[in-house]
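1. model the following, please.
(one chain, ligands or ions: 2)
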Amino acid sequence: MEAAAEPGNLAGIRHIILVLSGKGGVGKSTISTELALALRHAGKKVGILDVDLCGPSIPRMFGAQGRAVHQCDRGWAPVFLDREQSISLMSVGFLLEKPDEAVVWRGPKKNALIKQFVSDVAWGELDYLVVDTPPGTSDEHMATIEALRPHQPLGALVVTTPQAVSVGDVRRELTFCRKTGLRVMGVVENMSGFTCPHCTECTSVFSRGGGEELARLAGVPFLGSVPLDPELMRSLEEGHDFIREFPGSPTFAALTSIARKILDATPTCLP
Ligand SMILES: Nc1ncnc2c1ncn2[C@@H]1O[C@H](COP(=O)(O)OP(=O)(O)OP(=O)(O)O)[C@@H](O)[C@H]1O
Ligand code: SF4
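-> Ligands and ions are numbered 1, 2, ... in the order given. Here you go, the predicted model:
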């Protein structure tokens, strides 16, 4: 395939990581959100692009519902969460009049918006752009990968839950990554055990270790397990920064360890 010139708005981005899962509801948006917050906690500048057009949850998880994107001289200015502009967001959720409005577009319109998200958002300088994708391997994935392809390498982080059915879907997702030339940075097992809110004891609810076994079989890194944690769910519902509010919790340790492995695998960041 012919390599297109890198769109100007991607030129200041060091690393792009697509967050994928074979199945819906396994925690892709959760891991995208917490990875971004953990990378920011480590001093990095991070953008999040939400290409889950039919179920955009990024504005809610960051407490940014109702915020709007604006035009600037280089296209769309993303939504900045803080004055330092250390986290910036773009989602179809910012373009809808009501937060629960359904996006019922056909493929070509969705693909055109994805292309616009890639070429027209003025991200500026970023260490990481985390891309939250819809479940499975849809046209939206192809449109996203095609639009981002001039930026190389494109990393992929694959999220699964411990149950075998999810793990089987992830195996297909890993094949998709290989076929589309994504560099698999690793597998994350989410909802891996339950962290008791009273004693922080972690109990295995489903079988554990599926994600690790899958990573071993596929020859890709296993990045870690994130427990099912009621405090994490509450933070996501209320749009709070879990990483800032729960340092020292087992879930914080799990999330920051995943971010550390991503940092170690992507050494070149902004000076
Ligand atoms: N480790 C966790 N602890 C507690 N709650 C979690 C955890 N992971 C995900 N959740 C909750 O599970 C629900 C689904 O998570 P999320 O929206 O991240 O999944 P998804 O894979 O992005 O879904 P979709 O397929 O709809 O895009 C959310 O309500 C989220 O708050
Ligand atoms: S997990 Fe065990 S110790 Fe923690 S609150 Fe529940 S019963 Fe008590």
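2. in the stretch 151-271 of the chain, what residue comes closest to ligand 1?
-> Closest approach between the stretch 151-271 of the chain and ligand 1, counting by Cβ to the nearest ligand atom: residue 233, at 3.6 Å. Glycine gets a C-beta too; all of them are placed from N, C-alpha and C.
3. ok so that residue is a helix residue?
-> Yes - when DSSP: H, G, I helix; E, B strand; the rest coil is applied, residue 233 is found to be in a helix.
4. make 809 the starting number, not 1.
-> All right, first residue 809 from here; so that's residue 1041.
5. quick one, what contacts it?
-> With Cβ atoms under 8 Å, 6 or more residues apart in numbering as the criterion, no residue contacts residue 1041.
6. next one: it from residue 996, what distance?
-> 17 Å (Cβ to Cβ, to the nearest Å).
7. now the strands for the chain?
-> For the chain, the strands defined by DSSP state E occupy 821-828, 854-858, 878-880, 883-885, 887-888, 895-899, 934-940, 962-968, 991-1003, 1010-1011, 1030-1036.
8. now for the ones you listed, which one comes closest to ligand 2?
-> Closest among those, once you apply Cβ to the nearest ligand atom, is strand 1010-1011, at 6.2 Å.
9. average model confidence for that closest one?
-> The average of the pLDDT scores along strand 1010-1011 is 72.
10. what of stretch 896-907?
-> Mean per-residue pLDDT for stretch 896-907: 86.
11. go on, stretch 859-874?
-> pLDDT averaged over stretch 859-874 gives 91.
12. ok, that stretch near ligand 1 or not?
-> Yes - with Cβ under 6 Å from any ligand atom as the measure, stretch 859-874 is seen reaching ligand 1 through 860, 863, 865.
13. can you check what pLDDT the model gives the closest residue to the last one other than its chain neighbours?
-> Put plainly, it is residue 865. Using Cβ to Cβ, 6 or more residues apart in numbering and skipping residues adjacent in sequence, the residue nearest residue 865 is residue 837, 4.5 Å away. pLDDT, residue 837: 97.
14. check contacts around residue 837.
-> 858, 860, 865, 866, 869, 940.
15. how long is stretch 823-841 end to end?
-> 16 Å (Cα to Cα, to the nearest Å).
16. ok, it near ligand 1 or not?
-> Yes - using Cβ under 6 Å from any ligand atom, stretch 823-841 reaches ligand 1 at 829, 832, 833, 834, 835, 836, 837, 838.
17. show me which residues of that stretch are buried.
-> 823-831, 834-841 (16 or more other Cβ atoms under 10 Å).
18. to the chain's geometric centre, what's the distance from it?
-> The chain centroid and the centroid of stretch 823-841 are separated by 5 Å under Cα atoms, centre = their mean, to the nearest Å.
19. swap in stretch 855-866?
-> 9 Å.
20. got the buried residues for it?
-> 855, 856, 857, 858, 859, 860, 861, 863, 864, 865, 866.
21. what sits closest to the third one if chain neighbours are left out?
-> Meaning residue 857. residue 939 (4.8 Å).
22. surely that neighbour and residue 826 touch.
-> Yes - using Cβ atoms under 8 Å, residue 939 makes contact with residue 826 at a distance of 4.5 Å.
23. common neighbours of these two, please.
-> Common contacts of residue 939 and residue 826 (Cβ under 8 Å, 6+ apart): 952, 956.
24. measure how buried residue 1049 is and give me the count.
-> Neighbour count for residue 1049, taken as other Cβ atoms under 10 Å: 17.
25. so it versus residue 894, what's the distance?
-> Distance from residue 1049 to residue 894, by Cβ to Cβ: 11 Å.
26. so what's the closest residue to ligand 2 within the stretch 809-958 of the chain up against?
-> Ligand 2 sits closest to residue 835 of the stretch 809-958 of the chain, with a gap of 21.5 Å, by Cβ to the nearest ligand atom. Counting by Cβ under 8 Å, 6+ apart, residue 835 makes contact with 829, 967, 969, 998, 999, 1034.
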